[in-house]
Structures are given as structure tokens and as C-alpha cells.
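> how would this look folded up:
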Amino acid sequence: MKEIYELAKKAGACSPGLRDIQKAKNVHDLIKLLKTGKGVEFIMESNFLTESVYNQYRSELEKENIFLHGQHSLVNPRLVVMLGGEASIEVNGFQVCEIYAKNLAVVNIVAHDNAYVSIELRQDVKLNIESYEQSRVKEYRK
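Okay, here's the model as predicted:
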């Protein structure tokens, strides 16, 4: 946990964010922080998540749909953070999905029915979208 605090501090985390990291009791508390609005914004604006930290907590991060590399296939996720790698994401029914992607991530989205998908893209993300029926996919490039 000390290593994560130091990495966040070095990456420019704000004082309240650093206090929240100090309060975290385990990796699951830290992942909850990453999935908040402020946490996602911090991840997207910095290179906070290093390869060594990712590898150390890989299974926990991937269970929460936070990816640094590899190929992944997801159906109806609520939130996905792609810091690299490739993901095929299918969203259907009345589901809502938020996707944040950066670096050289490859994101393939297939939306059906009345699904709503928003995706924020940074850097050189490759995006492929298939949208059917009444589904909507909104793309935001920063």
C-alpha cells in the first residue's frame, strides 16, 4: 500500500486523494477509489498504474474491468477502464456502460436493443463500433 501511495503522490494526486489512499485497508478499497469519478480522471490523466503494480494486483483489477494489456471479452459491464490491451464489449438490453480508454488500447463495441454506451478516448486508441436497433454509442475524444 505504501508503494501505491508513493506512486500516486509522484503522479500528482491531490491531498484528499492521498488521504483516501492512506485510509484504504486493502486492495479492494483502492480499486473502489480508482472507480470513482476522481479516480478515473486521475488514471486517465496520469501514468499512475505501473506495470509492476498492475501485475501485483492483476486478478483484482481485471475482475473490476481495469485492464493494462491482454485480450478481454465483456458482456454488459457497467464500467471499463482500458489503459492498453484489447477488449470486445457487447452491451444489450437497457444496459448503460461507461468506457474509458487510453494509450494504444483497442476497443470493439457491439451495442444492441436500447443499450447506451459512452466512451472517453485519449491518445491513440483504436475504436470500432457496431450499433443496432435503438442503441446509442457516444464517443468523446480528449
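> helix or strand for the most centrally placed residue in the chain, which one?
For the chain, the residue nearest the mean C-alpha position is V81 (1.1 Å; CA atoms, centre = their mean). Counting by DSSP states H and E, the element that carries V81 is strand 79-82.
> domain parsing for the chain?
Domain ranges of the chain: 1-63, 65-142, per automatic domain parsing.
> gap between the shortest one and the chain center?
A distance of 12 Å separates the C-alpha centroid of domain 1-63 from that of its chain, computed with CA atoms, centre = their mean, to the nearest Å.
> which one of the domains of the chain is the most hemmed in?
Across the domains of the chain, averaging neighbours per residue (mean count of other CB atoms under 10 Å) puts domain 65-142 on top, at a mean of 17. Glycine gets a C-beta too; all of them are placed from N, C-alpha and C.
> thought the residue nearest to the centre of the chain was touching C97?
No: between V81 and C97 there is no contact under CB atoms under 8 Å: 12.0 Å.
> would you quantify the distance from the residue nearest to the centre of the chain to K2?
23 Å (CB to CB, to the nearest Å).
> likewise for Q95?
When Q95 is compared with K2 (using CB to CB), they lie 38 Å apart.
> so what touches stretch 18-27?
Counting contacts by CB atoms under 8 Å, 6 or more residues apart in numbering, the residues outside stretch 18-27 that touch it are M1, I4, Y5, A8, K9, A13, D29, L30, L33, Y57, E60.
> least confident secondary structure element in the chain?
The helix or strand of the chain with the poorest confidence is helix 2-10; it has a mean of 89 (mean pLDDT, DSSP states H and E).
> right, and the helix or strand after that one?
Assigned by DSSP H and E, the successor of helix 2-10 is helix 15-23.
> let me know the average pLDDT across that next one.
Mean pLDDT, computed over helix 15-23, is 93.
> ok, stretch 101-115 next?
According to the model, stretch 101-115 has a mean pLDDT of 97.
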